[in-house]
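Enquirer: Predicted structure and sequence below. I'll ask about it afterward.
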Amino acid sequence: MIRTSAPVEAPATGAWEELVTAALLGTDRRTPPGGTPGQEAPVALLDTAAVQTVRRRAGLRPAPAAERPEPAPPDPRPALPEAAARRLALLLADRPGAAGGGRRGTAPDLMELLPQWLAAANAHGYAAPPEALPALLDAARGRTDLRPAALVLAGPRALWLARLNPDWRFALRAAPGGGTALPGPEDAERIRQLWEEGLFAERVALLASIRERRPAAGRELLAATWATERAEDRLMFLDSLRTGLGPDDEPFLEQALADRSRNVRATAAELLSALPGSALSARMADRAGACVAVDHMRGTPTIVVEAPHQCDASMERDGVVSKAPAGRGERSWWLGQLLEAAPLGAWSARLGGRSPQEILALPVADDWQGELHAAWCRAAVRQRDAQWARALLGAPAAPEAGGPGAVSLAERAKLLGTLGAGERADWVAGFIAAHGLSEAFQLLGVCAVPWAAPLGRAVVDALEIARDAGSYPWSFSGVMGLAERCLDPAEANRLDGLLAVPDEAEDASPGAGGYWAEAFQRLVTTLRLRCAMAEELGGRVG
């Protein structure tokens with residue numbers, strides 16, 4: 001009920017901000033609009049705010065009706081099976097943290113299964129149910145990692161909705177042309193128009209699409225407007241050339257080495273160093289070869305290193321950054337960049353015909369080994385050289401869990417990425433068997449899903465060992481979460497023996513057995529849920 005002890009006048013347009021200001025400062029310092037100073041000012045402020053609130057909510061002036069939106073475009077893809085549609089609704093209804101606390105119980109984490117479900121549904125070519133689109137777009141809005149797969153499943157109707165709701169505008173930015181299909185390679189006029197008039201995201205998508213199908217046409221499209229592009233745009237466009245990168249791109253990339261932007265020059269140099277036969281690779285090989293040699297005058301052949309004494313203009317043009325980061329010596333900084341860009345295939349001839357394994361086994365004088373091997377690690381990843389990656393990784397059971405150049409888990413994970421899926425899984429399985437799970441999380445993240453049988457067995461065996469040792473499962477929650485998403489669902493039956501609460505040893509953490517039984521129960525429940533999801537979609541969820 002509105003009191004009328006003070007006159008209430010209609011505030012002018014924009015007076016709501018004045019009301020808020022008066023409320024924040026106090027009516028003794030700011031007289032509310034439509035009121036008078038004094039004891040009644042607070043009452044006048046509240047009365048005026050009440051009236052203004054009603055007007056803000058319901059006081060719309062009559063106006064011509066807006067045009068009705070065009071109907072949503074049809075989606076010709078097959079509809080989800082009924083059971084799969086119900087499953088999608090359940091996955092989208094789950095909210096992180098709904099269970100509260102740190103103890104998760106035995107219920108699967110549905111939101112963590114959603115990316116996997118989306119990938120499987122898209123592989124089947126299904127369309128999302130229309131009634132699920134708002135929740136699907138809300139989920140993609142909150143998690144950027146979901147957006148590509150969610151928008152594929154949502155199809156053209158998601159873009160129709162995104163034009164009506166500002167909260168979903170990300171869908172328009174993520175979709176090339178805002179729903180307009182990219183022109184085919186034969187449609188030269190539409191390609192030219194989109195390239196010259198499109199938004200930046202549309203142009204990037206167009207270039208990537210053309211590079212994937214006709215690398216030369218994509219490069220020529222970029223070259224036609226290269227001189228007029230902004231530096232930050234040139235950088236993104238140049239990065240698109242990674243798709244379909246080949247020797248024919250070398251002349252264009254060589255020109256980009258003279259770009260005004262240091263970041264553009266560095267990216268061009270990186271792309272050229274990934275082409276083993278490029279002129280830049282040869283220049284880097286000459287520079288790096290002058291810094292590294294084998295000294296046969298010692299009792300044992302030893303690698304000796306003489307780092308560059310300066311970074312001249314030609315080195316900077318080829319992508320070497322002259323200024324070292326804080327705490328890093330300039331000479332070692334320059335050396336690392338040369339070694340990283342030099343083709344790995346040149347080292348065998350330079351160092352006496354030795355294989356990568358033999359080169360890495362040589363002692364290195366004057367404490368240069370860490371710098372030398374770390375740079376070769378980066379080169380193996382950049383050049384996708386599996387032979388050098390194997391040598392740098394070493395045997396998975398080796399002391400300190402890696403070869404001489406694998407000085408960190410991050411480097412090992414990157415090196416593993418150069419190997420095939422089967423070889424990668426076997427190496428990580430051997431690593432876990434020898435060293436346990438304490439350092440395995442980052443390595444497991446690069447393995448293909450579902451995990452190969454030997455890798456899955458190694459993970460489960462290591463978890464069982466950790467349980468029997470009396471440790472709390474919280475120390476392995478990251479690995480357990482990965483196992484829920486990545487272990488082959490067929491392994492569920494093999495885990496039934498781990499569901500009981502084990503007898504606790506005297507030196508075990510109190511209550512750990514119960515927590516382990518709960519964690520394994522959640523793992524088995526999740527695996528069986530993934531199996532059911534696969535059956536509902538009519539295939540296999542990876």
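Expert: Arrived safely, thanks for sending.
Enquirer: list the contacts for Glu270?
Expert: 319, 341, 382 (C-beta atoms under 8 Å, 6 or more residues apart in numbering). Just so you know, the C-beta spots here come from the backbone N, C-alpha and C atoms, and that holds for glycine as well.
Enquirer: Narrow those to those in helices?
Expert: Members of the contacts of Glu270 lying in helices (criterion: DSSP state H): 341, 382.
Enquirer: now the helices: where do they sit in the stretch 251-400 of the chain?
Expert: Here the stretch 251-400 of the chain has its helices, by DSSP state H, counting those that start in this stretch, at 262-273, 279-289, 313-317, 330-341, 347-350, 356-361, 369-382, 386-393.
Enquirer: average model confidence for the fifth one?
Expert: Regarding helix 347-350, the rounded mean pLDDT is 94.
Enquirer: And it, what's buried?
Expert: Buried positions in helix 347-350, judged by neighbour count with 16 or more other C-beta atoms under 10 Å: 347, 350.
Enquirer: can you give me the offset of that helix from its chain's centre?
Expert: In this view, helix 347-350 has its centroid 36 Å away from the chain centroid, taken as C-alpha atoms, centre = their mean, to the nearest Å.
Enquirer: follow-up on the earlier one: please render the helices of the stretch 251-400 of the chain as JSON lines that adds distance to Arg412 to the earlier fields.
Expert: Putting the helices of the stretch 251-400 of the chain into JSON lines (distance: least, C-beta to C-beta, whole Å) gives the following:
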{"stretch": "helix 262-273", "distance to Arg412": "22"}
{"stretch": "helix 279-289", "distance to Arg412": "23"}
{"stretch": "helix 313-317", "distance to Arg412": "30"}
{"stretch": "helix 330-341", "distance to Arg412": "17"}
{"stretch": "helix 347-350", "distance to Arg412": "21"}
{"stretch": "helix 356-361", "distance to Arg412": "14"}
{"stretch": "helix 369-382", "distance to Arg412": "9"}
{"stretch": "helix 386-393", "distance to Arg412": "6"}
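Enquirer: And the ones you listed: which comes nearest Ala532?
Expert: The minimum distance between Ala532 and these falls on helix 386-393, with 37.7 Å, by C-beta to C-beta.
Enquirer: What ranges in the stretch 301-450 of the chain fall below the confidence cut-off?
Expert: In the predicted model of the stretch 301-450 of the chain, residues 399-407 satisfy pLDDT under 70.
Enquirer: Please, where are all the strands along the stretch 201-350 of the chain?
Expert: Assigned by DSSP state E, counting those that start in this stretch, the stretch 201-350 of the chain shows strands spanning 292-295, 302-305.
Enquirer: Out of these, which is closest to Ala205?
Expert: Judged by C-beta to C-beta, the one of those that comes nearest to Ala205 is strand 292-295, at 42.7 Å.
Enquirer: So what's the gap between the closest one and the chain middle?
Expert: Mean C-alpha position of strand 292-295 versus that of the full chain (C-alpha atoms, centre = their mean) differs by 40 Å.
Enquirer: What mean pLDDT does it get?
Expert: Mean predicted confidence for strand 292-295 is 96.
Enquirer: Least confident secondary structure element in the protein?
Expert: In the chain, the helix or strand scored least confidently by mean pLDDT, DSSP states H and E is helix 170-174, which has a mean of 78.
Enquirer: Can you lay out the strands of the stretch 201-350 of the chain as a markdown table showing mean neighbour count and distance to Ser281?
Expert: Shown next, in a markdown table, are the strands of the stretch 201-350 of the chain (neighbours: other C-beta atoms under 10 Å; distance: least, C-beta to C-beta, whole Å):
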| stretch | mean neighbour count | distance to Ser281 |
| --- | --- | --- |
| strand 292-295 | 16 | 16 |
| strand 302-305 | 17 | 20 |
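Enquirer: and these as TSV, adding distance to Leu161?
Expert: Listed next are the strands of the stretch 201-350 of the chain as TSV, based on distance: least, C-beta to C-beta, whole Å:
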stretch	distance to Leu161
strand 292-295	59
strand 302-305	60
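Enquirer: between those strands, which gets nearest to Gln52?
Expert: Closest among the strands of the stretch 201-350 of the chain, using C-beta to C-beta: strand 302-305, at 75.8 Å.
Enquirer: Show me what the closest one is in contact with.
Expert: Here strand 302-305 has contacts from 291-295, 335, 351, 359, 362-366, 368, 371-372, using C-beta under 8 Å, 6+ apart.
Enquirer: Report the buried members of the residues you listed.
Expert: Buried members of the contacts of strand 302-305, counted by 16+ other C-beta under 10 Å: 291-292, 335, 351, 359, 362, 364, 368, 371-372.
Enquirer: Of those, which is the nearest to Glu40?
Expert: Closest to Glu40 out of the buried ones among the contacts of strand 302-305 is Glu371 (78.6 Å), distances taken as C-beta to C-beta.
Enquirer: Could you find the closest non-adjacent residue to that closest one?
Expert: Ser332 (5.3 Å; C-beta to C-beta, 6 or more residues apart in numbering).
Enquirer: Can you get me a residue count around the one you found?
Expert: 18 (other C-beta atoms under 10 Å).
Enquirer: I figured Ala519 was touching Pro473, is that so?
Expert: Yes. Ala519 is within contact range of Pro473, at 4.5 Å (criterion: C-beta atoms under 8 Å).
Enquirer: For the residue nearest to Glu371, give me its contacts.
Expert: Contacts of Ser332 by C-beta under 8 Å, 6+ apart are 307, 324, 371.
Enquirer: returning to that earlier point: between the buried ones among the contacts of strand 302-305, which sits nearest Asp233?
Expert: Leu335 (33.1 Å).
Enquirer: show me the contacts for the closest one.
Expert: Leu335 touches 288, 291, 305, 307-308, 371, 375, counting by C-beta under 8 Å, 6+ apart.
Enquirer: Also Glu464?
Expert: By C-beta under 8 Å, 6+ apart, the neighbours of Glu464 are Leu498.
Enquirer: What does the pLDDT read for it?
Expert: Confidence score, pLDDT, at Glu464: 90.
Enquirer: low-confidence ranges in the stretch 151-300 of the chain?
Expert: Using pLDDT under 70, the flagged stretches of the stretch 151-300 of the chain are 174-182, 185.
Enquirer: and if we set it to 80?
Expert: The model of the stretch 151-300 of the chain has pLDDT under 80 over residues 173-186, 199, 201-202.
Enquirer: same check, this time on the stretch 1-150 of the chain
Expert: Those would be 1-15, 32-36, 38-39, 55-63, 66, 94-106, if you go by pLDDT under 80 across the stretch 1-150 of the chain.
Enquirer: where do the helices sit along it?
Expert: 15-25, 41-58, 82-93, 110-124, 133-142, 147-154.
Enquirer: What is the first one packed up against?
Expert: For helix 15-25, the packing partners by 3 or more C-beta pairs under 8 Å, 6 or more residues apart in numbering; DSSP states H and E come out as helix 41-58.
Enquirer: likewise the fourth one?
Expert: In terms of contacts (3+ C-beta pairs under 8 Å, 6+ apart), helix 110-124 is packed against helix 82-93, helix 147-154, helix 477-486, helix 512-537.
Enquirer: Between helix 82-93 and that helix, find me the angle.
Expert: When axes from the mean of the first three to the mean of the last three C-alpha atoms, to 10 degrees is applied, the directions of helix 110-124 and helix 82-93 differ by 140 degrees.
Enquirer: Ok, the shortest one next?
Expert: Direction vectors for helix 147-154 and helix 82-93, defined by the same axes, to 10 degrees, enclose an angle of 140 degrees.
Enquirer: Centre of the chain to helix 147-154, how far?
Expert: 16 Å.
Enquirer: Now do it: everything it contacts.
Expert: Counting by C-beta under 8 Å, 6+ apart, residues outside helix 147-154 touching it are 115, 118-119, 121-122, 126-128, 133, 136-137, 139-140, 158, 170-171, 174-175.
Enquirer: Whichever of those residues end up buried, select them in ChimeraX.
Expert: The ChimeraX command for the buried members of the contacts of helix 147-154 (criterion: 16+ other C-beta under 10 Å) is given here:
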select :115,118,119,121,122,126,127,128,133,136,137,139,140,158,171,174,175
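Enquirer: The closest residue to Ala44 other than its chain neighbours and His296, how far apart?
Expert: In this structure, Ala44 finds its nearest non-sequential neighbour in Gly35, 3.2 Å apart by C-beta to C-beta, 6+ apart. In this structure, Gly35 and His296 are 96 Å apart, going by C-beta to C-beta, to the nearest Å.
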